[in-house]
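[1] output the structure for:
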Amino acid sequence: MKKLITRITIKALQAKEILRSTRGENFVDSGVKILIAVVIGALLLGGLYALFGDTILPTLTEKVEDMFNFAG
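    Below is the predicted model:
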């Protein structure tokens, strides 16, 4: 019976030490940083795509057509 109590106590102490450990903490932090970078990058690319599609490209097309319009 004493051996059983000793084993249970040792296992409880080991479990407590594992739960207290911060050994894998960097992996979670790195994953969150990568996820944030991907989301911000996607937002920036979406904004640039919208800006080019609505504002810059139509104006650019108009200016190029005006440049090659020799009739007027």
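[2] need the next SSE after the longest helix along the chain, C-terminal direction.
    Using DSSP state H, we find that the single longest helix of the chain is helix 25-51. Past helix 25-51, further along toward the C-terminus, the next helix or strand under DSSP states H and E is helix 57-67.
[3] what's the angle from that next one to helix 25-51?
    Put simply, helix 57-67 runs at 40 degrees to helix 25-51, going by axes from the mean of the first three to the mean of the last three CA atoms, to 10 degrees.
[4] from the rest of the structure, what touches helix 57-67?
    The contact list for helix 57-67, computed with CB atoms under 8 Å, 6 or more residues apart in numbering, is empty. For the C-beta atoms, the positions are set from N, CA and C on the backbone; glycine is no exception.
[5] so where's the protein uncertain?
    Under the criterion pLDDT under 70, the flagged ranges of the chain are 24-25, 71-72.
[6] about what we covered before: next one: the longest helix of the chain to chain centre, how far?
    On the basis of CA atoms, centre = their mean, to the nearest Å, helix 25-51 sits 3 Å off its chain's mean C-alpha point.
[7] which SS class is residue 69?
    coil (DSSP: H, G, I helix; E, B strand; the rest coil).
[8] and it, how far is that from residue 60?
    According to CB to CB, to the nearest Å, residue 69 and residue 60 sit 15 Å apart.
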